[in-house]
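*Asks:* Here is the input, now give the coordinates:
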Amino acid sequence: MSENFFDEMISKIASDVEKNSRSDTDYIASDGLLHCGKCHAPKQIRMKLNGMKEKVLPVMCDCMKADIAKQEEAKKRDEKRKKIEHLRENSLIDKRYENCSFETITVTDDNRKQVRICKRYAVKFEELYKSNQGLLLYGDVGTGKTVLACCIANYLMEHLHSVYSTSFVEILRHSQGFNHDEKEEIIQRRMRTAELVILDDLGAERGTDYGLEVVYNIIDGRYRSGKPMIVTTNLSLMQMQNPDDVRYERIYQRVLHVCYPIMFAGKSFRLKEAANRYDAIKSLLEDV
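*Replies:* Okay, here's the model as predicted:
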């Protein structure tokens, strides 16, 4: 093809771009080039291409660059939002806890230390992940163990880390409909893939050989994967350190090896809430 053909093609492309990007406020400046009427930056540049005669070519002014940057930022935010939604859908976090966060949690004298440690764990997760460091949240019923575990989960998903959260009771319930091999594969696959696994209510399986087998396989599989887990339990640390059955000892030793223990004490949040509800309803129904 002739040089004239390429010259004409480049001129046509430059002309089309200029028409599409030109606004009513644009003007020709003293340099003979088109300038933006808003930011006053040039929209054209003079350039020689491969020995051809000088051409006037379109360039982006500051306004156009800013618009493109905004579009790219909006695209990134949208992609991040979709990723977070996908992570939340796959996390299986109970609907009751999907909005738990360190910003909204009620901090009291009973849980102040626990909130601080759990938030620090979430912030430093990438470092702790490399060393396979998890948490053991143990103590009395209703003291906020599950809520804080879900605060960690929601924080991590906002920062694009994958989390799988479930309870031992839920695992046992869902596994009833499969044969042994299928149960094993489904449970282990889910335990292996997430960056963090949250296992709620260790000890709920007590008393059944089948439950013990499933729980051991879950804990052992996660332990061997080299990825961290957060375990919550109503058991005391002494019960876990000195079990009366070797089957429990195998489970608890693995948890204690890779999970930093945090004790939860104080009056149950649920009992406090129930008392507040009782007082409010009593005032409404009985006071005159």
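
*Asks:* now stretch 25-40: mean pLDDT?
*Replies:* Across stretch 25-40, pLDDT averages out at 88.

*Asks:* Am I right that residue 237 is in contact with residue 261?
*Replies:* Yes. Taking Cβ atoms under 8 Å as the definition, residue 237 is a contact partner of residue 261 at 5.7 Å. Every C-beta, even on glycine, is put in place using the N, C-alpha and C of the backbone.

*Asks:* So for these two, which residues contact both of them?
*Replies:* By Cβ atoms under 8 Å, 6 or more residues apart in numbering, residue 237 and residue 261 have these common neighbours: residue 138.

*Asks:* which helices and strands does the one helix or strand residue 211 maps to pack with?
*Replies:* Here residue 211 sits within helix 209-225, counting by DSSP states H and E. Judged by 3 or more Cβ pairs under 8 Å, 6 or more residues apart in numbering; DSSP states H and E, helix 209-225 is in contact with helix 168-174, helix 180-193, strand 196-202, strand 229-233, helix 246-258.

*Asks:* Give the buried residues for it.
*Replies:* Applying a neighbour-count criterion of 16 or more other Cβ atoms under 10 Å, one finds 211, 212, 214, 215, 216, 217, 218, 219, 221, 222, 223, 225 buried in helix 209-225.

*Asks:* can you give me the strands in the protein?
*Replies:* 27-28, 34-35, 44-47, 55-58, 134-139, 163-167, 196-202, 229-233, 259-264 (DSSP state E).

*Asks:* So which elements touch the second one?
*Replies:* Under the contact criterion of 3+ Cβ pairs under 8 Å, 6+ apart, strand 34-35 touches strand 27-28.

*Asks:* Partner strands of the strand it packs on and their direction?
*Replies:* Next to strand 27-28 in the sheet, as set by DSSP bridges, lie strand 34-35 (antiparallel).

*Asks:* Give me the contacts around the strand it pairs with.
*Replies:* So strand 34-35 is contacted by 18, 22, 26, 27, 28, 29, 41, 42, 43, 44, 61 (Cβ under 8 Å, 6+ apart).

*Asks:* among those, who's most crowded?
*Replies:* Using other Cβ atoms under 10 Å as the neighbour criterion, residue 43 leads the contacts of strand 34-35 with 24 neighbours.

*Asks:* Pretty sure that one sits against residue 63.
*Replies:* No. Taking contacts as Cβ under 8 Å, residue 43 lies outside contact range of residue 63: 9.3 Å.

*Asks:* between the two, what contacts are shared?
*Replies:* What both residue 43 and residue 63 touch, as defined by Cβ under 8 Å, 6+ apart, is the set residue 36.

*Asks:* can you pull the pLDDT of residue 18?
*Replies:* 62.

*Asks:* can you check the one 4 residues further on too?
*Replies:* The predicted local confidence for residue 22 comes out at a pLDDT of 75.

*Asks:* so what's it up against?
*Replies:* Applying Cβ under 8 Å, 6+ apart to residue 22 gives the contacts 34, 43.

*Asks:* Report the separation between it and residue 42.
*Replies:* As judged by Cβ to Cβ, to the nearest Å, residue 22 and residue 42 stand 13 Å apart.
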